[in-house]
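Colleague: A structural model of the following input is requested.
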Amino acid sequence: MRGRRCCAVVAAAAITVPVLAACELPRSPQPCEWMAKRGEADGRTAILVDVTNSTRASGSGRGGPDYQVALKDVIAEAVAARDTVAVAPFSGSAADLAWSAADQSADFKRDDDNPDNWKDRRTEAENCLGEAVGRAQAAAPTAAGTDVLRPAATAAEWLHQAKGAKHLVIATDGLITNGCASLIKSHFSGTQEIDAIVKACTAESTQELRPATFAGIVVTMVGIGHPAAGQPVPTPAEAQWLKQLWERFCAYQGGQCDVRTSSVGSASDRARPAPAAQVPDPRIDYQSKEVTYSLPAAVLFETGKSRLRDDAGPLLLELAVALRTGAVVTARVLGFADPRGDDEMNQNLSADRAQAVAAFLSNESVANVDAEGKGETTRCADGSTFPATATSDDETECARRVDVVATRA
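Modeller: Next up, the predicted model:
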């Protein structure tokens, strides 16, 4: 606690009226001024905020992701852990970060053994860090496009200086337009494309993905698949593809990953920053023409049967709605069987099951549906394979399925 500087009462010579000597009045502490002092807790939290044009509202300035509200819970967790926190915006492909808040200690217990004061300090810290996120989101992009991997690696370097727990929080729509993982021409469909991107980013010539970058770091990504209003919006399937991509990126670099595609909301009571005209970001117009929905046979049918189970209806109805509302031109229903048993029987079973699913979708007003039995396979929906000699139900389960391949306009 700061001591008060009291003014002294003095008497002037030959004058009986006392006067006050000149003195410095005590200065009121600024909100969260105490956070500039190093805390006793060892944990760190780094918060990165995407300010590229895809996350910035168009027109009136409203409709951008509200990261300040979306990160409220993770900020509260950082304060509860008494972490040292840093916040920065990012854009372009630069690895350097301009922190809007740096080395802010949320150690609300430091230099204060009164529990009654801790609650006030926690609230104060949460508010100040939330305002730091707001300042970061208001920052203008410094360059076109975005490459999340580079600023994330820089933040990881700062986190690795901590002896305690490490948490990296990234608020972004997840759309990369620079570097090895550029999604400008991506089809947003299938694990093979994800495999190819990971390979490109781990090549010796790029090495933007490195195995130990996130070692010991809990990584939380918020807002994946949610750009600002006025920007192209991914379908649910494309958003899930983005989630898988970032999970692969995070896991490859050794992090513990929590990639969230839930909505981050949009503040209606305050304007969000508009796109920066001087930074012409390339737009990502989703080019996915085919989306595959893979349905395990065990969920749809009894063993060896082709009549749909009664409890398969809700799943297929949900799929039918997605197809009807997703600008789908055609839907191919493909049945597969595992290599055990008679070849002809497996061919017929796969065809009958495909036909049963196709009939359900057609009855639910999905247009241009056809069915085909593909017979036996050792390839799973994710592209992996199992030995043709596999005999157990668990080993061959992924082969017993029905794939619905939707072609979009």
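Colleague: mind listing the strands in the stretch 1-150 of the chain by residue range?
Modeller: Under the criterion DSSP state E, counting those that start in this stretch, strands of the stretch 1-150 of the chain are mapped to 9-11, 18-20, 44-50, 84-90, 101-105.
Colleague: quick one, which of those is nearest to G164?
Modeller: Closest approach to G164 among the strands of the stretch 1-150 of the chain is made by strand 44-50 (7.2 Å; CB to CB). Heads up, the C-betas are built off the backbone N, CA and C, glycines and all.
Colleague: What strands line up against the closest one, and which way round?
Modeller: The strands beside strand 44-50 in its sheet (DSSP bridges) come out as strand 84-90 (parallel), strand 166-171 (parallel).
Colleague: For the nearest residue to K37 once chain neighbours are set aside, list each beta-bridge partner.
Modeller: In space, and not counting its chain neighbours, K37 is closest to S105: 6.3 Å by CB to CB, 6 or more residues apart in numbering. Beta-bridge partners for S105, by DSSP bridges, are T84.
Colleague: returning to what we had before: please identify which of the strands of the stretch 1-150 of the chain is closest to E33.
Modeller: The nearest among the strands of the stretch 1-150 of the chain, by CB to CB, is strand 101-105 at 10.6 Å.
Colleague: For V333, find the nearest of the strands paired with strand 44-50.
Modeller: The nearest among these, by CB to CB, is strand 166-171 at 38.3 Å.
Colleague: sorry, back to before: for G39, see how far away the residue nearest to K37 is.
Modeller: In this view, S105 and G39 are 3 Å apart by CB to CB, to the nearest Å.
Colleague: Can you pull the residues that touch both of these two?
Modeller: Counting by CB atoms under 8 Å, 6 or more residues apart in numbering, the contacts common to S105 and G39 are R82, T84.
Colleague: on that earlier part again, nearest to S205, of the strands of the stretch 1-150 of the chain?
Modeller: Among the strands of the stretch 1-150 of the chain, if distance is taken as CB to CB, the winner is strand 84-90, at 23.3 Å.
Colleague: if I look at G265, how far off is R340?
Modeller: On the measure of CB to CB, G265 and R340 end up 50 Å apart.
Colleague: scratch that, T407
Modeller: For T407, the distance to R340 - CB to CB - is 32 Å.
Colleague: Repeat that for R82.
Modeller: With CB to CB as the criterion, R82 and R340 are 58 Å apart.
Colleague: How about E208?
Modeller: Here E208 is placed at a distance of 43 Å from R340 (CB to CB).
Colleague: Look at those two and report which has more neighbours.
Modeller: A side-by-side neighbour count of E208 and R340, using other CB atoms under 10 Å, places E208 first with 22 against 16.
Colleague: quick one, phi psi at the more buried one?
Modeller: phi -70, psi -20 (degrees, to the nearest 10).
Colleague: Let's see the pLDDT reported for it.
Modeller: Looking at E208, its pLDDT is 90.
Colleague: So which bits of stretch 204-218 are buried?
Modeller: When burial is assessed from 16 or more other CB atoms under 10 Å, stretch 204-218 yields the following buried residues: E208, L209, R210, T213, F214, I217, V218.
Colleague: And stretch 255-275, by the same measure?
Modeller: Judged by neighbour count (16+ other CB under 10 Å), stretch 255-275 contains these buried residues: G255, C257, V259, R260, T261, V264, S266, A267, R272, P273, A274, P275.
Colleague: before we move on, what about stretch 34-51?
Modeller: So, applying 16+ other CB under 10 Å, buried residues of stretch 34-51: 34-35, 39, 41, 43-51.
Colleague: how about those in CSV, adding pLDDT and distance to S182?
Modeller: Shown next, in CSV, are the buried residues of stretch 34-51 (pLDDT from 0 to 100; distance: CB to CB, whole Å):
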residue, pLDDT, distance to S182
W34, 91, 43
M35, 93, 38
G39, 91, 40
A41, 93, 39
G43, 97, 34
R44, 97, 30
T45, 98, 29
A46, 98, 24
I47, 98, 24
L48, 97, 19
V49, 96, 21
D50, 95, 15
V51, 92, 18
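Colleague: Turn those residues into JSON lines, including distance to I75.
Modeller: As requested, the buried residues of stretch 34-51 are arranged in JSON lines below (distance: CB to CB, whole Å):
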{"residue": "W34", "distance to I75": "17"}
{"residue": "M35", "distance to I75": "13"}
{"residue": "G39", "distance to I75": "16"}
{"residue": "A41", "distance to I75": "15"}
{"residue": "G43", "distance to I75": "14"}
{"residue": "R44", "distance to I75": "14"}
{"residue": "T45", "distance to I75": "8"}
{"residue": "A46", "distance to I75": "12"}
{"residue": "I47", "distance to I75": "8"}
{"residue": "L48", "distance to I75": "13"}
{"residue": "V49", "distance to I75": "12"}
{"residue": "D50", "distance to I75": "17"}
{"residue": "V51", "distance to I75": "18"}
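Colleague: got the residue ranges for the helices in the stretch 301-409 of the chain?
Modeller: Using DSSP state H, counting those that start in this stretch, the helices of the stretch 301-409 of the chain run over 313-324, 343-363, 393-396.
Colleague: can I see the domain layout of this protein?
Modeller: 34-259, 290-408 (automatic domain parsing).
Colleague: Among those, pick out the one with the most neighbours on average.
Modeller: Neighbour counts averaged per stretch over those are highest for domain 34-259, at a mean of 19; criterion: mean count of other CB atoms under 10 Å.
Colleague: neighbouring contacts of stretch 276-285?
Modeller: 52-54, 56, 91, 140-146, 175, 177, 183-184, 186, 231-232, 275.
Colleague: Many thanks, have a good one.
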